[in-house]
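**Student:** Here is a sequence together with a model predicted from it:
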Protein chains: 2
Amino acid sequence: MLDHSQLAAKAAIDPANFALANCLRALAIDAVNAANSGHPGAPMGMADAATVLFRNHLKFDASAPDWPDRDRFVLSNGHASMLLYGLLHLTGYADMTLEQIRNFRQWGAITAGHPEWGHAKGIETTTGPLGQGIATAVGMALAERRMADEFPGLVDHRTWVMLGDGCLQEGIGQEAISLAGHLGLGKLNVLYDDNDITIDGPTSVSFSEDVPKRLEACGWHVIRCDGHDADALDAAMGQAKAETTRPSLIAMKTVIGFGAPNRAGTAKAHGAPLGADEGALAKQALGWDAAPFEIPADLAKEWRAIGARGSDARAAWEDALAASDQAPAFRQRIAGDLPKGYDSAVAQARAALFAEPQAIATRKASQVALESLTEAVPAMIGGSADLTGSNLTRVPAVDSLFSPESSGRYIGYGVREFGMAAAMNGLALHGGFKPYGGTFLVFSDYARNAIRLSALMGLGVTYVMTHDSIGLGEDGPTHQPVEHLASLRAIPNLNVFRPADAVETLEAWDIALRSPATPSLLALSRQGVPQLREAGDENLTARGGYVIRQFGEGRDVTLLATGTEVALAVEAAEALHAEGHAVAVVSMPCWELFDAQPEAYRDEVLGLAPRIAVEAALPFGWTRYVAREADVVGMPGFGASAPAERLYAEFGITCDAIVARAKAHLAG
Amino acid sequence: MLDHSQLAAKAAIDPANFALANCLRALAIDAVNAANSGHPGAPMGMADAATVLFRNHLKFDASAPDWPDRDRFVLSNGHASMLLYGLLHLTGYADMTLEQIRNFRQWGAITAGHPEWGHAKGIETTTGPLGQGIATAVGMALAERRMADEFPGLVDHRTWVMLGDGCLQEGIGQEAISLAGHLGLGKLNVLYDDNDITIDGPTSVSFSEDVPKRLEACGWHVIRCDGHDADALDAAMGQAKAETTRPSLIAMKTVIGFGAPNRAGTAKAHGAPLGADEGALAKQALGWDAAPFEIPADLAKEWRAIGARGSDARAAWEDALAASDQAPAFRQRIAGDLPKGYDSAVAQARAALFAEPQAIATRKASQVALESLTEAVPAMIGGSADLTGSNLTRVPAVDSLFSPESSGRYIGYGVREFGMAAAMNGLALHGGFKPYGGTFLVFSDYARNAIRLSALMGLGVTYVMTHDSIGLGEDGPTHQPVEHLASLRAIPNLNVFRPADAVETLEAWDIALRSPATPSLLALSRQGVPQLREAGDENLTARGGYVIRQFGEGRDVTLLATGTEVALAVEAAEALHAEGHAVAVVSMPCWELFDAQPEAYRDEVLGLAPRIAVEAALPFGWTRYVAREADVVGMPGFGASAPAERLYAEFGITCDAIVARAKAHLAG
């Protein structure tokens, strides 16, 4: 229940701020009611703080939403989306019309249930999956810090985050907090909507931490304040900005659904519309008498002025950029373009492989590729989730470690795969970077929903996932991916590469760097493979699949394989050919790219002869290309702990097994 | 570098403990060297603490490893597996022979690279994926606490955990810590191997938290001590046991690779064998002169005595159990057997559905099923990751909330999906419980690696995953699973159910409860569906797939569907039949169970006519049953934010689309 005298007291602290905040509350009530779906409570509770932030602190210019040096604002508790849409509409972002607000959560509207990056300017990242907003914001703050060092005078902005209890309960929230504290990201400022309510009721059902103390333990600067006291909020934000070596948390005590007489402070305000009656009562309590979706002209004008607050600063910045020697480099970085020397760097790396073929693990081939590419592409920023020596992700050009003291090109993400993936999303979203990061393929599980968000947003992020099969050997089934290739191929708009050799690995990297709107995942081997590819200029990996070897004329059987098993398929093909059969071996490093080829090409590559697939993984999904799962030489289930060669033999992924399977078809 | 005088000083504190600990260190050195693979540093660093724990505190009897009231010991940093194998071998667990230790990490050995539950008694859970050991241990502590209330006098034991920095960096570690602190799990005692080293180097690369302060902020009791001082360790463990209302952390300062002259205290001791030379030098420094894999007789005898330390207590406990009225109930619970009334409860619930068909969402059908089943099965313990009202997981028999004050049958896991899943694994591993917990299907991503461990271990855990498609509507693509059914079906030994109606939902629950060695995942709808099944006694869901409707004689086309799309397929079949075609509709609630049916049954169900599949998800994987992905009426990619009906129409998952697709085949 709302305490009306408390409300009046809060309103009196800064009536102008309160009135502006009521615009946000009213829009949230109306839009959620109109959609009959959504979350009114959080926008109503955070409206005062959001107003103070946009009115007094956030560096932005609504007329130039792409201004590279704007502050970033991330709504980590994405279910409060109407707060963000309201802010964008009121401050005058061109896309965010009243019509869009009226169509909240409807087909075709940019005002989705949760903020979707790409729908509208001012939505800096997609949020909703809790904890990922703050973790993505950490990536943005990393980007800012490094860009500021690379382009002094051109980059100096903050990353502001709003989050709720859910983001703090999710483990990824802690990963982000820990990393931000460790790296001393002083321009990361987080506003915590401490309202004591979760969906299941009071937070006391499941959450009783001393959050400020936890964050202090992680190296954060913590400020406490009343989330409905505009003066206190303003002071707290000022303190946060004054602190430069530690990230700041402003723990704001708030009332969820602030203003709603019967639902304020309860879980009922969380995820359901207030409805007509309670909505009307809330507006009455707030002193709001405009019609639904209507903003009184004076308030609308004030909000527009807020939206234009940063225009002088932005103009000055444009001038500074124009005057800077670094302008071309800066613009290229922000545009995400590859530098001039890039093509020749790739060509040289390619020529070197053909001049001196490399029989190495594909993770090692990735390292070789990275040595050239990171040198050629300053936008590349690397890292690993504490497996650098295994992932082979650290090479000379990115050797400098990002630390509290200086912004290097290599980030020690710690054993925080999920946080790493979300931070890479943030680096990409910020602009200026082509991030990559490594872990074991099996631990893609830990990062999975952030990989999904890379794909949903369409970000040029590259996942370096090594130890891609039972070929990792002794670590055993907990570390051996068997279902991961399938489960990752199932994600839309994600290019999953499993290169067969050093050439395909280089080609996969090349495609990854040329794909600003599709994330790439490289599944790389621990164990060595021969270099199979013969000299040629075309990036055949870009075809997704191609005939890598042909034995004899025509085809009696086609062997499809990926990664380390391509060499095994070639060996089997040789054996079959020795017995007089014509065999084509198809390397399929990327299903997604293969499926995007013209039908005629695909038909030609796959051929009409019986097909056998070979992959040291479960057959799930391969029936896209072969008649039945029995035609896949692969894993029957989870792996085991033993040396790699023994595992291949015991699980029957051998030359003999392929030959036998092929012969069964040839006999039939 | 090792400080020899420091080593001598530590050894002098309790020479007997030091000598016993050296047995563990020597075995770790020898086994890792023999395998030429593994992690010697952590076992060497934690050996002193492990010795104190097993020698003075852990309640166990090596001759009776299944004693239900034993303390549980969880090695959360599973890469230190040789520590555990050494302890089990030395204390006399029958399975853990010297031969097994010699075959560390080899094919067929029970001494896998990481501890695998089921390989040997005394391995209480599979560990290796960091952070999950502690989270699973939280589940064990929850189980103990509730069992102690249910069976007073028969249950009173502790859960001891060893973990390293990695477990604390992983987000799931924090989820577990937060939940344990919130619920006041006083019998959870954690030993933190604080050695300042991770794989990438000193922890300062990525980790600089004040860990004790973080845990205090989460309600933990924290003790600091020297991890090589046997007296201090003993006192700390005593203090931990004396604290009953808060979980305890013993932060032990340790030296990784303790004893190895050139590698102690460095990352080199972490994940690579010491090798012959450094191994020999380490043994010399430790004063160890036995041959490889040899334990001096006096020390072996002492260790055996430690293994027998608990035998009197165990015998007394057996007597107490024999004398208890609760013995039959207790034994049934530990055995995991279903109670006598179970069959009739299911039969009654089934009869009720046929007497009064329910046109409801399958999540609601799950709630209806749970109302009966939780009443009949006291072992069931429920929960949700803060989506109780959406998952509909809380029903009268499990209404009591688990709290710091009393152990209820419903756990508010908070917004911690991964922690929830791992805790459920712990509840199942402890014995006495059939846990289930809910979240949205899309957030199975967050919990994915713990679901994988449920499957790898083969645990009777049930995942209640609601809002299983675009049918959830307005929340939009971040909340709409499209690839999740495929990615979960790809996991071995996991039954993924997508029931079509209330009857199939009840049947799926029945199968889940009867599957102690296979986890189940129920993908349930937000939106309502008609009850399609007609009366009959057989649990047809157990067949995985079956003909739910036949229109006309023979078959012109077969429509395969799951979940909410079965009703749509029936509608389409009716339309096709009206035009004179014979159509069978196959409901396929569980692919895994269908594939386990005899070939003749599968052939009969699938038939020879052209097949069309219908599922509001990506077609990935369906080519197992249909000729090509174009034969799947499903999603083309990510979803969108709009009311459900609109989404189905816009994405073309409609009766008309199915009819058109079928007709194309019929024409051809």
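**Tutor:** That came through fine.
**Student:** Now do stretch A:301-318, average pLDDT.
**Tutor:** Throughout stretch A:301-318, pLDDT has a mean value of 98.
**Student:** show me what contacts the closest residue to A:Thr51 other than its chain neighbours?
**Tutor:** Among residues not flanking A:Thr51 along the chain, A:Ala21 sits closest, at 4.3 Å (CB to CB, 6 or more residues apart in numbering or on different chains). Glycine gets a C-beta too; all of them are placed from N, C-alpha and C. Shown in contact with A:Ala21 (CB atoms under 8 Å, 6 or more residues apart in numbering or on different chains): A:47-48, A:50-51.
**Student:** how about 6 Å then?
**Tutor:** A:47-48, A:51 (CB atoms under 6 Å, 6 or more residues apart in numbering or on different chains).
**Student:** okay if I get those residues as TSV plus neighbour count and pLDDT?
**Tutor:** Formatted as TSV, these follow (neighbours: other CB atoms under 10 Å in any protein chain shown; pLDDT from 0 to 100):
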residue	neighbour count	pLDDT
A:Ala47	31	98
A:Asp48	30	98
A:Thr51	27	98
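**Student:** can you list the residues of the stretch 451-600 of chain A near chain B?
**Tutor:** Counting by CB under 6 Å from any CB of the partner chain, the stretch 451-600 of chain A comes close to chain B at A:456, A:474-478, A:483, A:486-487, A:490-492.
**Student:** at 7 Å what do you get?
**Tutor:** Contact residues, the stretch 451-600 of chain A versus chain B (CB under 7 Å from any CB of the partner chain): A:452, A:456, A:474-479, A:482-483, A:486-487, A:489-493.
**Student:** now the helix or strand of chain A with the lowest mean pLDDT, how far from the centre of its chain.
**Tutor:** Within chain A, judged by mean pLDDT, DSSP states H and E, the helix or strand with the poorest mean is strand A:197-198; its value is a mean of 84. Centroid displacement of strand A:197-198 relative to its chain, using CA atoms, centre = their mean, to the nearest Å, is 27 Å.
**Student:** what are the pairing partners of that strand, and which direction each?
**Tutor:** strand A:201-202 (antiparallel) (DSSP bridges).
**Student:** After the strand it pairs with, heading C-terminal, what element do we hit next?
**Tutor:** Of the helices and strands lying after strand A:201-202 in sequence (DSSP states H and E), the nearest is helix A:211-217.
**Student:** what about A:Ala19, how many residues close to it?
**Tutor:** Look at A:Ala19: counted by other CB atoms under 10 Å in any protein chain shown, it has 18 neighbours.
**Student:** Retrieve the pLDDT associated with the closest residue to chain B within the stretch 101-250 of chain A.
**Tutor:** Proximity of the stretch 101-250 of chain A to chain B (CB to the nearest CB) peaks at A:Gly171, 2.2 Å away. Per-residue pLDDT puts A:Gly171 at 98.
**Student:** quick one on the thing from earlier: assumed the residue nearest to A:Thr51 was part of a strand.
**Tutor:** No. Under DSSP: H, G, I helix; E, B strand; the rest coil, A:Ala21 falls outside any strand and is assigned helix.
**Student:** circling back to that earlier point, doesn't B:Ala176 make contact with the residue of the stretch 101-250 of chain A closest to chain B?
**Tutor:** No. With contact defined as CB atoms under 7 Å, A:Gly171 does not count as touching B:Ala176 (8.6 Å).
**Student:** got the residues of the stretch 151-300 of chain A near chain B?
**Tutor:** So the stretch 151-300 of chain A meets chain B at A:166, A:169-172, A:174-175, A:178, A:182, A:198-200, A:205-210, A:213-214, A:217-219 (CB under 7 Å from any CB).
**Student:** and the stretch 1-150 of chain A, which residues reach chain B?
**Tutor:** Close to chain B, as judged by CB under 7 Å from any CB, the stretch 1-150 of chain A has residues A:35, A:37, A:105-107, A:112-114, A:116, A:126, A:128-130.
**Student:** Can you say which two of those are spatially most distant?
**Tutor:** Distance extremes for the residues of the stretch 1-150 of chain A next to chain B: the farthest pair is A:Trp107 and A:Leu130 at 25.3 Å, using CB to CB.
**Student:** who's more crowded, these two?
**Tutor:** A:Leu130 (29 against 14).
**Student:** quick one: contacts for the more buried one?
**Tutor:** Each residue near A:Leu130 by CB atoms under 7 Å, 6 or more residues apart in numbering or on different chains is listed here: A:166-167, A:170, B:415.
**Student:** ok so, going back, the residues of the stretch 1-150 of chain A next to chain B in strands, which ones?
**Tutor:** The strands, defined by DSSP state E, take in nothing from the residues of the stretch 1-150 of chain A next to chain B.
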